[in-house]
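A.B. asks: Compute the structure for the input listed below.
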Amino acid sequence: MAFSPTDEWLESHVSDDSSLSCFKAISDLVSSSQVFGIELDTNRSAGVVRQLQLMLEKNKVVNLTSITEPHDALVLHSLDSLLFLPIIEEITDISPDLEILDMGTGGGFPGIPLACCLDARVTLLDSVGKKVKACQEFVDALELSNQVICVHDRLEDYARDTRNRNRYDVIVARAVASLDVLIEYATPLLAKGGCLVLSKGFPSEEEFDHANKASQICGLKRVFHEQAELPDDFGHREFFVYKKFAPSRVKLPRKTGEARKNPLYLR
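C.D. replies: Numbers count the residues shown, from 1 in each chain. You can find the predicted model right below:
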């Protein structure tokens, strides 16, 4: 059973130096999510807040985020992650067999909030070992270990393992690289008909153009583009969904680092 809140925990604070109680954080998260059509029950929202609490505490010894004010982190990490929910629910059928990959998970975003709210299998992948170890601690504390696995690896190396090829129904990422690079990274890992869901701030027209060229080469097609504004002027978000329709015209993955050094859009 996943994390379930107690009265004592609800009365505690998100971080030691915060005036934001866990109960208030849950209330704020639920109300903010409703604006975007996301309905959260107590246990799911409590799990998301508990992860934030654990992450902010761990951040004192392991660099997971530069956002340390609890309310800011609640919006910029927790709510920002939950914005993937309605998109994933729209593009696929949720089931315990659904495979989701979080590329460059960092402190566990958006993968852990998604696992708290979806009955699906989630893989958290990052190239920084300390971050993966921290995420494993969060997963264990949230009692999600039967649903979530944490992997320390580079994306290109992870894709070279034949067990991971064409494996994932949904791949997500939050602004960890340019759109064209993320498309290349995800392509060998996506199942045919699978979707790559990306969140960015203000991508330029040039980045759009590069992504379109890369997606054509990789056998992906953009099928969704939506914009959102975070509350309290915390920023603009654009979400993109690329669906895998055909095999890539180039052999992927390429050598480690090639996606950035010699991008596909130059071909």
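A.B. asks: Tell me the confidence at the most centrally placed residue in the chain?
C.D. replies: Closest residue to the average C-alpha location of the chain: P110 at 2.9 Å, with C-alpha atoms, centre = their mean. Per-residue confidence (pLDDT) for P110: 98.
A.B. asks: check contacts around it.
C.D. replies: D80, S81, L82, F84, D102, V172, R174, S199 (C-beta atoms under 8 Å, 6 or more residues apart in numbering). Where you see a C-beta, it was placed from the backbone N, CA and C, and this is true even at glycine.
A.B. asks: mind listing the helices for the stretch 151-267 of the chain?
C.D. replies: Secondary structure of the stretch 151-267 of the chain, counting by DSSP state H, counting those that start in this stretch: helices at 155-160, 179-186, 205-218, 258-261.
A.B. asks: for the last one, which positions count as buried?
C.D. replies: Put plainly, it is helix 258-261. Across helix 258-261, burial judged by 16 or more other C-beta atoms under 10 Å covers A259.
A.B. asks: Please report the distance of the nearest residue to Y185 once chain neighbours are set aside from G47.
C.D. replies: The spatially closest residue to Y185, leaving aside those adjacent along the chain, is L155, at 4.4 Å (C-beta to C-beta, 6 or more residues apart in numbering). In this view, L155 and G47 are 27 Å apart by C-beta to C-beta, to the nearest Å.
A.B. asks: more neighbours, those two?
C.D. replies: L155 (28 against 25; other C-beta atoms under 10 Å).
A.B. asks: Wait, the more buried one touches P253, no?
C.D. replies: Yes - taking C-beta atoms under 8 Å as the definition, L155 is a contact partner of P253 at 7.5 Å.
A.B. asks: Quick check: neighbours shared by those two?
C.D. replies: With C-beta under 8 Å, 6+ apart, L155 and P253 have common neighbours Y185.
A.B. asks: and I38, what pLDDT?
C.D. replies: 96.
A.B. asks: One more: A2?
C.D. replies: Confidence at A2, expressed as pLDDT, is 83.
A.B. asks: and what of the one 4 residues further on?
C.D. replies: At T6, the predicted lDDT confidence score is 93.
A.B. asks: Please report how far it lies from T105.
C.D. replies: Counting by C-beta to C-beta - T6 and T105 are separated by 27 Å.
A.B. asks: give me the number of residues near the closest residue to D119 other than its chain neighbours?
C.D. replies: Distance criterion C-beta to C-beta, 6+ apart; nearest residue to D119, sequence neighbours excluded, is P96 at 5.4 Å. As a burial measure, P96 scores 9 neighbours (other C-beta under 10 Å).
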